[in-house]
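Visitor: Quick one: sequence plus predicted model below, questions after.
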Amino acid sequence: MIPGPVPIYLGWQYAPAIADPGPPPARMTTVQPARLDAGWVDAQRLIYRKLGRPARMGGVACALAVGVLTVAWVTGLVSGELAGGATATAVACGAGCAGSIVRGKRRLGELIVAERTRIATASVTESARLAHVHREHTSDYRAWRRRKAIFERQPSWFAVCLPAGIDRLDVAGGTLAGWSALLTTIAATHLSLGGEVTVVDLTEGAVATDLIHVARHSGLKPLVWVLPADLPRLDLGAGFDVPTLADVLALAARPDDAARPNDAGGADHATDCALIERVLRVLGPQASVAQLTAGLRVLADIGPPRADLRAGLITAEQLDRIGTMFGRGGADRVVIERAWAIESKLRRLETVGTSQAELPPSALRVAALDRRSGVLGNAVVRAYLVAALTQMLRQAPGGPPWQHTLCLFGAERLAGDVIDRLTDACEVSGTGLVLGYRSIPAAARERLGRGNAAIAFMRLGNGEDARVASELICTEHRFVVSQLTDTVGTSVTDTWGDSYTSTVGTADSVADSISVSVNRGRSSGRGRSYQGGFAPFGDFSRSRSGDSSYSIGAQDSVSLTEGINSGTSWGLSLSRALGENASLGRTAQRSREFLVEAAELQRLPPSGAIISYPAPTGRTVHFVDANPAIVALPDVARRGAAHPLADETHDG
């Protein structure tokens, strides 16, 4: 046993000191250099042609006038003076039109040249600007690579553990896959540090399957009881004295009290306890549950007692004493009814502890209810299991806090006074207690966080439960859910399994064989024999011999092997995700932020949990991921290779 309190690790908190630099800076695309637009040139020429059309038409008209005047002068239609004056005027007008056309062409050429010059100047300026931008991008990209390398090397996941002085952890809400992850994270680390873990699974959902697989791979041989099939191997309650055993069996006889008020059934429990104790004192201190039910059948006059007498469950003397226990006239109607009711429930525990096989010690013990059994039988076994554990803890010597950890899931199915007895016994003995409630009924709401306890809120599907949880946490807290928590948690939900193996690590086989052979024959003969390689019979001999033999043969064999194995395999699911997408494993980028509201609590990742516990400055609140496979990530804060989960905590 290791000295001092044992740390309890609850999960991992994603809190990188340096924010993710995000994607690399975008490189500006290269712009094609500007060129003279041929369409623009064509448009300018079209404009020139339209603007120069009057001048061209004027020049044509002047040329026609000169020709007409020349023909008229030659033919003598007009005089020479008139023809000369008109021709001079037409020539002057034609010269003016020609000059206008030439000036238009010159202006068009100058405009195109100016545009070419402007485009060339703009191209040079743009090239200089792009060169400057590319130099800046190169510098920014190098800085981004440095920040990215620092971000990838820094620890992004920090272990969160319960502080010293916390006696109990109450888990409110959650799915079976989420509870499996939380239990594996808590128990696997605790076992690696030398602690002991007892798991009581009342959910009928096999939440400890993954933990059993992890323990087997670590070389540990856990003890597993799948009840009620393994009741004969269950040694819980052996060695109790008569008053203690009567109290435990009286609690087991009223398993439906979970639906009653806390003080309901108190008188019935006292009456049942007194009745069972009286019958046990008649039967003797070593009486079994089967003998007790036989005595109750005698007291309630259930059938003839000859069968119990022949089976050796009760003797004739004990039969007479029980018959006269409440007077010569026999028991009254109230006693008969109570004995009848107690026998109808305790008869399901007749096989408890009947196996004489000695169980080897183990640091991990798992007791779980089988969902294939009857509802009433599971209720009786559930009540007996918790009541017997409570009595054992009350009688156990004290030890270091959390050296022995008891994890009970499905506590909402227990009566309030049963939970109170268990928490008191764990607190006195120093046993760490983890209580899991799938829902938050009124009895559970009154007990969440009571005393020196921490609370873990997981996914709450019911709207009323989510509202109550948000009020208990306070809605002003803001948390970050990492991309890994969202992605892996969702994928694991679809691969959840729900089966146990009652004999973990072993396989039972039975083989019977009988062999008898029959062979009848007679032979005689004469011959010679010499010493040689195939006849090692000595020298030459002459003989006559006869012999006969009889044998009968039959052979039969039967072999039986039992075993069931299934689970969610958290580590395998995570490693596949990291192998297919390297960026997911290296960066684990933040996914979303949320406030503590009812709607957010209803869509928490299956492995996510909000941890709240008292501190000197008030209640401290963390959001953690209970996925046990996070320990394999490269960016997990580590303190030593010997304890992979014993990492430094980080407040968020």
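Guide: Yes, it's here.
Visitor: use CA for all of it now, contacts and neighbours both
Guide: Will do.
Visitor: ok, residue 221 to residue 179 distance?
Guide: Residue 221 sits 22 Å away from residue 179, going by C-alpha to C-alpha, to the nearest Å.
Visitor: neighbour-wise, which of these two wins?
Guide: residue 179 (23 against 20; other C-alpha atoms under 10 Å).
Visitor: Contacts only, for the more buried one.
Guide: 207, 607 (C-alpha atoms under 8 Å, 6 or more residues apart in numbering).
Visitor: Now it. Its backbone dihedrals?
Guide: The phi/psi pair for residue 179 (degrees, to the nearest 10) reads phi -60, psi -40.
Visitor: and it, what pLDDT?
Guide: The score at residue 179 is 93. That number is its pLDDT.
Visitor: What of residue 216?
Guide: For residue 216, the predicted pLDDT is 92.
Visitor: Surely residue 27 is in a helix?
Guide: No: Residue 27 is assigned coil when assessed by DSSP: H, G, I helix; E, B strand; the rest coil, not a helix.
Visitor: List the residues that contact it.
Guide: 134, 137.
Visitor: swap the cut-off to 10 Å and go again
Guide: By C-alpha atoms under 10 Å, 6 or more residues apart in numbering, residue 27 lies in contact with 133, 134, 136, 137, 138, 141.
Visitor: Then residue 77?
Guide: Contacts of residue 77 (C-alpha under 10 Å, 6+ apart): 69, 71, 83.
Visitor: from what I can see the first one touches residue 82, true?
Guide: Yes: applying C-alpha atoms under 10 Å, one finds residue 69 in contact with residue 82, separated by 8.9 Å.
Visitor: Among those two, which residue is more densely surrounded?
Guide: Taking neighbours as other C-alpha under 10 Å, residue 69 and residue 82 compare with residue 69 leading, 22 against 12.
Visitor: Distance-wise, check that one relative to residue 55.
Guide: Taken as C-alpha to C-alpha, the span from residue 69 to residue 55 is 21 Å.
Visitor: Residue 316: neighbouring residues, count only.
Guide: Neighbourhood size, residue 316 [other C-alpha under 10 Å]: 12.
Visitor: Could you pull up the contacting residues of the closest residue to it other than its chain neighbours?
Guide: Nearest non-adjacent residue to residue 316, counting by C-alpha to C-alpha, 6 or more residues apart in numbering: residue 309, 7.2 Å away. If a contact means C-alpha under 10 Å, 6+ apart, then residue 309 has 294, 315, 316, 319 as its contacts.
Visitor: Can you pick out the most distant pair from these?
Guide: 294 and 316 (12.2 Å; C-alpha to C-alpha).
Visitor: and for the two, which residues touch both?
Guide: 305, 309.
Visitor: In terms of secondary structure, what does the top helix by length along the chain contact?
Guide: Looking across the chain with DSSP state H, the single longest helix is helix 80-153. Judged by 3 or more C-alpha pairs under 10 Å, 6 or more residues apart in numbering; DSSP states H and E, the packing partners of helix 80-153 are helix 38-75, helix 582-587.
Visitor: can we see that at 6 Å?
Guide: helix 38-75 (3 or more C-alpha pairs under 6 Å, 6 or more residues apart in numbering; DSSP states H and E).
Visitor: count of neighbours near residue 326?
Guide: For residue 326, the neighbour count with other C-alpha under 10 Å is 13.
Visitor: Check the residue nearest to it when sequence neighbours are not counted and give its pLDDT.
Guide: Leaving out its chain neighbours, the residue that sits closest to residue 326 by C-alpha to C-alpha, 6+ apart is residue 332, at 7.9 Å. On pLDDT, residue 332 comes in at 75.
Visitor: How far does the helix or strand harbouring residue 408 sit from its chain's centre?
Guide: Using DSSP states H and E, residue 408 sits in strand 404-409. Put simply, strand 404-409 sits 19 Å off its chain's centre (C-alpha atoms, centre = their mean, to the nearest Å).
Visitor: Could you do stretch 411-420 as well?
Guide: 26 Å.
Visitor: again, but for stretch 123-141
Guide: Distance, centroid of stretch 123-141 to centroid of chain: 50 Å (C-alpha atoms, centre = their mean).
Visitor: Quick check: buried residues in that stretch?
Guide: Under the neighbour-count criterion of 16 or more other C-alpha atoms under 10 Å, stretch 123-141 has 123, 126, 137, 141 buried.
Visitor: Give me the distance between residue 604 and residue 461.
Guide: Distance from residue 604 to residue 461, by C-alpha to C-alpha: 9 Å.
Visitor: And these two? Which one has more around it.
Guide: residue 604 (23 against 19).
Visitor: Kindly provide the distance from the more buried one to residue 390.
Guide: 33 Å.
Visitor: try residue 472
Guide: From residue 472 to residue 390 the distance is 29 Å (C-alpha to C-alpha).
Visitor: Between the two, which has more neighbouring residues?
Guide: For residue 472 versus residue 390, the count of surrounding residues by other C-alpha under 10 Å is larger for residue 390: 22 against 16.
Visitor: Please name the nearest non-neighbouring residue to that one.
Guide: residue 422 (5.1 Å).
Visitor: give me the number of residues near that neighbour?
Guide: Counted with other C-alpha under 10 Å, residue 422 comes out at 19.
Visitor: Show me what the mean pLDDT comes to for the helix or strand hosting it.
Guide: Per DSSP H and E, residue 422 falls inside helix 416-429. Computed over helix 416-429, the mean pLDDT rounds to 92.
Visitor: between it and strand 404-409, how big is the angle?
Guide: Interaxial angle, helix 416-429 versus strand 404-409 (axes from the mean of the first three to the mean of the last three C-alpha atoms, to 10 degrees): 160 degrees.
Visitor: With just CA atoms, put the strand holding residue 408 into PDB.
Guide: Written as PDB, here are the backbone C-alpha positions of strand 404-409 (Å, rounded to 0.1, in the frame of the first residue of the first chain):
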ATOM      1  CA  HIS A 404      -9.300   1.900  -2.600                       C
ATOM      2  CA  THR A 405     -11.700   3.500  -5.100                       C
ATOM      3  CA  LEU A 406     -15.300   2.300  -5.500                       C
ATOM      4  CA  CYS A 407     -17.000   3.200  -8.800                       C
ATOM      5  CA  LEU A 408     -20.800   2.700  -8.800                       C
ATOM      6  CA  PHE A 409     -22.800   3.500 -11.900                       C
END
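Visitor: Tell me which strands that strand pairs with, and in which orientation.
Guide: strand 196-201 (parallel), strand 432-437 (parallel) (DSSP bridges).
Visitor: nearest to residue 114, of those?
Guide: strand 432-437 (84.4 Å).
Visitor: Could I get the CA-only coordinates of whichever helix or strand comes after that closest one as CSV?
Guide: Heading C-terminal from strand 432-437, the first helix or strand you meet, by DSSP H and E, is helix 442-447. Provided in CSV are the C-alpha atoms of helix 442-447 (Å, rounded to 0.1, in the frame of the first residue of the first chain):
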residue,chain,number,x,y,z
ALA,A,442,-35.3,14.6,-7.0
ALA,A,443,-33.4,12.2,-4.6
ALA,A,444,-30.2,12.6,-6.7
ARG,A,445,-30.6,16.3,-7.0
GLU,A,446,-30.6,16.7,-3.2
ARG,A,447,-27.3,14.7,-3.0
